[in-house]
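1. Test case, fold it:
(2 chains)
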There are 2 protein chains.
Amino acid sequence: MVEHSGLDIMCLNKHSPSPSSGSSADSEKKLLSKLKVSLTKKYPQKNAETLSAQYGTNLLLIGVSVMLALAQHGPVVREEHLLTFITVLMLVQLVWMLCYMIRRERERSPVPERDAHAGTSWIRGGLTMLALLSLIMDAFRIGYFVGYHSCISAVLGVYPIIHALHTISQVHFLWFHIKDVIKKYETFERFGVIHAVFTNLLLWCNGVMSEAEHFLNNHRKRLTALGYANLTTEEVEPQCNCSTSVCSMFSTSLNYLYPFNIEYHIFVSAMLFVMWKNIGRTLDHHTNRKQPTTRSSGVLLGPVLGLLALASSITVLVVYLIHVENSVETRQAAISMFYCYGVVMLACMCGASSAGLLIYRVEDWPMDTGQNPSRTLDSELLLGSSLGSWLMSWCSVVAVASGQSSQSYRWTCLAYSLLLVLEKCFQNLFIVESLYRRRRDLAKSEDTSATVPEIFSVAASMVPPYDGIVNHGYETQDKRSLEEGLPEKREVYSRKHTMVPLPVGHRLNVTPSRKRQILKNITIFLFMCNISLWILPAFGCRPQYENDLEQETFGFSVWTTVLNVAIPMNLFYRMHSVASLFEVFRKV
Amino acid sequence: MVEHSGLDIMCLNKHSPSPSSGSSADSEKKLLSKLKVSLTKKYPQKNAETLSAQYGTNLLLIGVSVMLALAQHGPVVREEHLLTFITVLMLVQLVWMLCYMIRRERERSPVPERDAHAGTSWIRGGLTMLALLSLIMDAFRIGYFVGYHSCISAVLGVYPIIHALHTISQVHFLWFHIKDVIKKYETFERFGVIHAVFTNLLLWCNGVMSEAEHFLNNHRKRLTALGYANLTTEEVEPQCNCSTSVCSMFSTSLNYLYPFNIEYHIFVSAMLFVMWKNIGRTLDHHTNRKQPTTRSSGVLLGPVLGLLALASSITVLVVYLIHVENSVETRQAAISMFYCYGVVMLACMCGASSAGLLIYRVEDWPMDTGQNPSRTLDSELLLGSSLGSWLMSWCSVVAVASGQSSQSYRWTCLAYSLLLVLEKCFQNLFIVESLYRRRRDLAKSEDTSATVPEIFSVAASMVPPYDGIVNHGYETQDKRSLEEGLPEKREVYSRKHTMVPLPVGHRLNVTPSRKRQILKNITIFLFMCNISLWILPAFGCRPQYENDLEQETFGFSVWTTVLNVAIPMNLFYRMHSVASLFEVFRKV
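-> Numbers count the residues shown, from 1 in each chain, chains lettered A, B, ... in the order given. Sure thing, here's the model as predicted:
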């Protein structure tokens, strides 16, 4: 060992001359030339990450500060400024995407590395739907501009055109490149991807702000109509008449399309963020493979109950929106109805999630501890986006407990708020646990003992090696998970339901085991419930603004600020859990 | 392979009977007993993490919502309620710490695993200082309570007593247990640690809120005195006279001690969070060792310039605080002076950080890619806490660009804001890069070639094996970092400056290489500058409130909200970078 170290030093000393050997001018020259080389050279990974993250956050913050100025409705900062800034960012992203695709095309590496977990096809499909709705929105915006073009800024016409172009190319990019694990030209790619992430985040913020402002204006109008207060609305109307007959149709339709546009941008950000995290990553081929979709026979109760929940939510939404605009009594009744409905709904969801958790406790399926940035982000986003709604709930609890108001729905509101906290806790636990579990289908499914050996001999000859039957990679992983404090080690077993038709295998695809059936039902029920709970606030059912409970305790401005932050977070939470639950449904 | 898989299945099927074998009542019974076992059994790691994180965040959010209600100064929610809640949390933490220490004592495992990177001794020393100041603050609070005990709630007397007890035991806990890597009784420990993290975060929030409220009240008084506005202050004074003569002394002294108390709590949270992250972790002995401290000869210019910066900051603080309360002219002059000082200061800091980065570019020292939760948290906190100040800066830029005001210091304010953004970017890059670099002292230091072999033969016989001379663990690590896209692989070399006196080694500890000297000077200069920039806002020099630039563009309430969030984040950023720079100084 000593000898070895001695040798190493000799080598090192030979290669790196000590600074004292040579004149100072000479060494300065050397330093400069070295510097030139190392500035153009590849930057170390951690630093490039930090630098690009800083670039991205600052872009977002510039946009946010312009938005804050805009919210003041001052004479200088106007919407055109913000839209110009966003348009420039979108153009930069367009150029980058073009360059990236040309480079990829030119490169033509036979099998580029791809992250199997990033952007599954159904999520890309969903995004395409949202993108289509965004395109319709852009069309309406262009129509609106055409109607008022004589008196509004040209930016309001350019923006939707660029936005439409941006949407189309971005969806194309997501379809073909979101799974890429970038290994070459990292610096350029890193900045491009982070630019795209934050451009979409800024578009999300802009959507959220417009939406919140619009809602608040409606709320103020309603309060004024009911005689509660005499607040002036701050909506800016164009100063001329519309030259076409459909301007008002365009502007009202926009309000129904906003929620979809908002979700589109935040989802794209999350997907691009995973792509950013994947830059320079070395894929582990044991973990980098998708779990196959499972058959979903025996799934009936979940969808039925889910559809019931969805239908009742839509009913509640319609009834609420009609009644809240009428007299004070119907308004109170509408709010009461909402809370009662919420209590029932959330209690069912709590029950479903905890049933799912209980099944996991009984069944000790192995944990999957492989590296997967997409899954890590999913669970972090679930927890992070719960914060807004938790804060809102605890504020309601404090408001009820402080007991200043005498509304009839006080106690239902308390129950609703507490259940909301519990439901999110249980659901998060259920989703996170489901995402980190591995299936052990075969071991539990019925009447397999006899047919197994033949089937495996068939399957083994048909599937590629790393989709193989006994995965020894799993065994070492399990040792790791044991060291990390997981339940006792078990012989782990996994088998892929290959899409390749197995000649003898059809007999095997019998009804999945009962527990898996229950889990599937629970998941689909929660899926529908989360859609319901997304629809309600997205389309204007927000009793937190109307119930006067919290406003008395916290004051109008504090409570509105809390809501303006919490409601978009909650909307994102619902959409995100819908996506995660779909993933769980396919995996369980 | 096929044979093997066949065997596995046999085993599995033997151990886990299929659900169809047995009557339904029987299987239900089995299910229940299984459930009983698995609910009391150890919970899977990922789930326990999620569950405890959710518990902690909800504790914090309950506290925050009470604080928001408190900020409204309503008749129902009063300070006593908040303090009671916090006191209960502190008591729970006290009980937990006691239990934990007793358990550890009883266990008596000979060498408990310890994370070498968590809570270095100098950071614990610093915390002890802050804790002492907190104790003085508690004493003042008790004194204040004694003076007014006839008319204020008893909670205001109990709270400081419990807080003092909490501080003492927590510092004891930090000294002896913060490095522990918990492997046994995980669930209990996990909840205890996260409870402690969020109790301290809540204490931080409470400190920040009291401080902000106090500052705003002073600001309002000042504005009223200057004739700007006639705002009523909302400070609640006790309804009786003080029974001792020093009550006002106590309450004014409290304001000078607040900043230290605030920093104490947020630092403790960060340390405990690392402890939480370490629960159930398996330490890698190659990376789990501290880099030794380096000698710091030749460090002169940095400290001198740093002291100059510190002295000028204190001068600026005093001049500012005196002038801002006088007439409108002196107020404007004071603000101008602050911005000029800030521009010079930040420009120097930008220069220093970028010089440091350039040195790293010239020198391609190897990267350290080992797992280290403490370091990961450090870099994430640096980036995260920069956000507040960046938002503030961009708001100032927007305000100046919108050009509504005509103050003389407009352009200096613009320069100051842009430099603030740049300075934080450069400094973050410098700190993150320094933390992720490994030293390569020996290879670069002078006149070693002759003496090396003998010294190593001595050292090799004296130090424990994994502190050894040629660390082959590093070589494999480097391979990993190469795969992750880092610069080309080099023969990596490291040697520990052991504290054990080397008989021949004294000759070796000559002046460190020039580049390291420069880096040390830069680091110590930045260290002092960050202290200066902490002192200024901590003790009331906040021209952002006084300059009227942003208030015109954003309105009073939005701008105050931004500042109330951004300034505490900025204070934390400065303190945190002071700690990180000290770490860098010892390591470079």
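2. In contact with A:E363, which residues are there?
-> For A:E363, the contacting residues are A:K515, by C-beta atoms under 8 Å, 6 or more residues apart in numbering or on different chains. Every residue, glycine included, has its C-beta placed from N, CA and C.
3. so A:W96 makes contact with A:A196?
-> Yes - assessed by C-beta atoms under 8 Å, A:W96 is found in contact with A:A196 at 7.2 Å.
4. Looking at these two now, which is surrounded by more residues?
-> Using other C-beta atoms under 10 Å in any protein chain shown, the more surrounded residue of A:W96 and A:A196 is A:A196, with 29 against 19.
5. what phi and what psi does the backbone show at that one?
-> Dihedral pair for A:A196: phi -60, psi -40, per degrees, to the nearest 10.
6. Verify the stated contact: it with A:Q93.
-> Yes - look at A:A196 against A:Q93 with C-beta under 8 Å: they come within range, at 5.1 Å.
7. Mutual contacts of these two, please.
-> A:Q170.
8. what's the nearest residue to A:F191 if we skip its chain neighbours?
-> Excluding the flanking residues, the one nearest A:F191 by C-beta to C-beta, 6 or more residues apart in numbering or on different chains is A:S52, at 5.2 Å.
9. What helix or strand is that neighbour located in?
-> helix A:45-70 (DSSP states H and E).
10. After that helix, heading C-terminal, what element do we hit next?
-> Past helix A:45-70, the next helix or strand by DSSP H and E is helix A:79-107.
11. Flag every buried residue along that next one.
-> By neighbour count, with 16 or more other C-beta atoms under 10 Å in any protein chain shown as the criterion, the buried positions of helix A:79-107 are A:79, A:81-87, A:89-90, A:93-94, A:96-97, A:100, A:104.
12. can you give me the angle that helix makes with helix A:45-70?
-> Note on geometry: by axes from the mean of the first three to the mean of the last three C-alpha atoms, to 10 degrees, helix A:79-107 and helix A:45-70 are set 150 degrees apart in direction.
13. can you give me how far helix A:79-107 is from the chain middle?
-> Per C-alpha atoms, centre = their mean, to the nearest Å, the displacement of helix A:79-107 from the mean C-alpha position of its chain is 22 Å.
14. packing partners for that helix?
-> Judged by 3 or more C-beta pairs under 8 Å, 6 or more residues apart in numbering or on different chains; DSSP states H and E, helix A:79-107 is in contact with helix A:45-70, helix A:155-177, helix A:186-225.
15. now these in CSV, with mean pLDDT?
-> Formatted as CSV, the helices and strands packed on helix A:79-107 follow (pLDDT from 0 to 100):
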stretch, mean pLDDT
helix A:45-70, 90
helix A:155-177, 94
helix A:186-225, 89
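16. Of all those helices, which one is nearest B:K46?
-> For B:K46, the closest of the helices and strands packed on helix A:79-107 is helix A:45-70, at 24.6 Å, according to C-beta to C-beta.
17. Packing partners of that closest one?
-> Against helix A:45-70 (3+ C-beta pairs under 8 Å, 6+ apart) you get helix A:79-107, helix A:186-225, helix B:373-402, helix B:410-436, helix B:549-554.
18. Save the ones you listed as JSON lines, and put in distance to B:M528 too.
-> Below are the helices and strands packed on helix A:45-70 laid out as JSON lines (distance: least, C-beta to C-beta, whole Å):
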{"stretch": "helix A:79-107", "distance to B:M528": "38"}
{"stretch": "helix A:186-225", "distance to B:M528": "33"}
{"stretch": "helix B:373-402", "distance to B:M528": "18"}
{"stretch": "helix B:410-436", "distance to B:M528": "13"}
{"stretch": "helix B:549-554", "distance to B:M528": "29"}
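19. check whether stretch A:266-286 contacts chain B.
-> Yes - residues of stretch A:266-286 contacting chain B under C-beta under 8 Å from any C-beta of the partner chain: A:I279, A:G280, A:R281, A:T282.
20. How about the contacts made by A:D180?
-> A:R104, A:P112, A:E113, A:R114, A:D115, A:M275, A:N278.
21. For it, give its distance to chain B.
-> Remark: distance between A:D180 and chain B (C-beta to the nearest C-beta, to the nearest Å) = 14 Å.
22. A:S169 - how many residues pack around it?
-> For A:S169, using other C-beta under 10 Å, the count is 16.
23. Check the burial of the residue in the stretch 151-300 of chain A that chain B sits nearest to by counting its neighbours.
-> Proximity to chain B, evaluated over the stretch 151-300 of chain A using C-beta to the nearest C-beta, is greatest for A:G280 at 3.6 Å. Residues lying near A:G280 (other C-beta under 10 Å) number 20.
24. which SS class is it?
-> For A:G280, the secondary structure call by DSSP: H, G, I helix; E, B strand; the rest coil comes out as coil.
25. so it makes contact with A:Q45?
-> Yes - between A:G280 and A:Q45 there is a contact at 5.5 Å, judged by C-beta under 8 Å.
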